[in-house]
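Colleague: A structural model of the following input is requested.
(one chain, ligands or ions: 3)
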Amino acid sequence: MNSIKITPDWVRNRKNTGEKIAALTVVDYPTAKILDEAQIPLLLVGDSLGMVTLGYEDTTKVSLNDMLHHVRAVARANVKALVVADIPFGWNREAEKALYCSRKLYEAGAEAVKIEGGKEVGQIVKLLISQGIAVMGHIGLMPQFLGQPPKYRKYGIDEKEKKQIIDDALFLSRLGVFAIVLEALDEAVAAEVTRLIEVPTIGIGSGKYCDGQILVFHDLVGLFPWFRPKFVQPKLNMALLIKEAAIAYKKEVQSGL
Ligand SMILES: Nc1nc(=O)c2c([nH]1)NC[C@@H]1CN(c3ccc(C(=O)N[C@@H](CCC(=O)O)C(=O)O)cc3)CN21
Ligand SMILES: CC(C)C(=O)C(=O)O
Ligand SMILES: [Mg+2]
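Modeller: Ligands and ions are numbered 1, 2, ... in the order given. Have a look, this model is predicted:
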């Protein structure tokens with residue numbers, strides 16, 4: 001499958017193939033290498049790194065420099081996967097700023113950017129695409145815009161919100177995004193969006209009917225037990241494995257071995 005470099009068009013062309021896209025977030029060089037060996041086709045340097053790597057309470061404290069630092073680390077791994085970077089808070093509501101930010105992310109090694117928002121980011125998405133930037137959409141729960149403290153909930157339950165989500169998805173896909181992340185959507189709404197739009201939907205906490213799924217890497221391996229959305233089923237308990245290794249090491253040192 002991925003002996004060739006993955007491109008935004010490769011991702012876009014998964015639509016209606018029945019071949020689901022398994023995406024993960026990544027923040028560093030070794031993990032990028034390992035996930036690439038596992039043939040994960042899409043790696044997102046997500047602003048969730050602010051929480052799982054930098055210890056902020058939410059994603060709104062993440063700076064462009066934080067993002068660039070991690071994008072560079074991931075880029076050094078020279079992966080076959082498509083490397084997508086989140087446009088961080090503060091850079092995605094003015095077209096010129098978003099373009100500047102996207103160019104910086106590209107210089108650091110990103111091959112596409114992801115932006116939170118629907119119709120309200122239309123002009124920005126248009127500008128980015130016209131300038132040769134590949135854009136991934138992100139609707140439903142948008143952690144950058146939840147307010148303080150963030151209130152995490154399911155989206156699309158009431159009719160008005162459901163309609164807005166479907167409109168936003170159609171709107172973004174017509175603008176030319178190559179995929180759209182659906183975060184914390186009601187499963188039936190995510191299924192309907194997936195049926196209606198012409199680009200792949202990548203779900204997180206949005207049920208099984210999306211064209212792909214994305215998960216925060218730290219959640220997959222149980223490396224961030226302090227904040228865990230209900231939809232996460234960790235495959236490993238890395239936090240415990242690390243603790244056990246450290247305890248074993250300490251015992252070794254103390255016993256003079
Ligand atoms: N470690 C981590 N994993 C993530 O998936 C993640 C982050 N951090 N930080 C930023 C956002 C926030 N995310 C979230 C958080 C909660 C839900 C969610 O649906 N939570 C509940 C519903 C509300 C509740 O009852 O608490 C759920 O059903 O899981 C979804 C996405 C996804 N992102
Ligand atoms: C959860 C994914 C979609 C994300 O935006 C992130 O990790 O920042
Ligand atoms: Mg994000």
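
Colleague: tell me how many other residues crowd Arg153.
Modeller: When neighbours are counted by other CB atoms under 10 Å, Arg153 registers 9. C-beta: built from backbone N, CA, C; applies to glycine.

Colleague: flag every residue of the chain that's near ligand 3.
Modeller: 46-47, 86 (CB under 5 Å from the ion).

Colleague: for the protein, which segments count as strands?
Modeller: Here the chain has its strands, by DSSP state E, at 21-25, 42-45, 82-86, 112-116, 135-140, 179-183, 201-204, 212-215.

Colleague: and the stretch 1-150 of the chain, which of its residues are near ligand 1?
Modeller: Within the stretch 1-150 of the chain, the positions near ligand 1 by CB under 6 Å from any ligand atom are 48, 51-52, 59, 141, 143.

Colleague: run through the stretch 151-257 of the chain and note the low-pLDDT ranges.
Modeller: Scanning the stretch 151-257 of the chain for pLDDT under 70 picks out no residues.

Colleague: how many neighbours does the nearest residue to Ala191 once chain neighbours are set aside have?
Modeller: Leaving aside its chain neighbours, Ala191 sits nearest to Tyr209 (3.6 Å; criterion: CB to CB, 6 or more residues apart in numbering). Residues within reach of Tyr209, counting by other CB under 10 Å, total 17.

Colleague: so Tyr209 makes contact with Ala190?
Modeller: Yes - assessed by CB atoms under 8 Å, Tyr209 is found in contact with Ala190 at 5.9 Å.

Colleague: what residues do these two have in common as contacts?
Modeller: Residues touching both Tyr209 and Ala190 by CB atoms under 8 Å, 6 or more residues apart in numbering: Gly203.

Colleague: the chain: helices as residue ranges?
Modeller: Using DSSP state H, the helices of the chain run over residues 8-12, 29-37, 49-52, 64-75, 95-108, 122-130, 159-175, 187-196, 217-220, 238-254.
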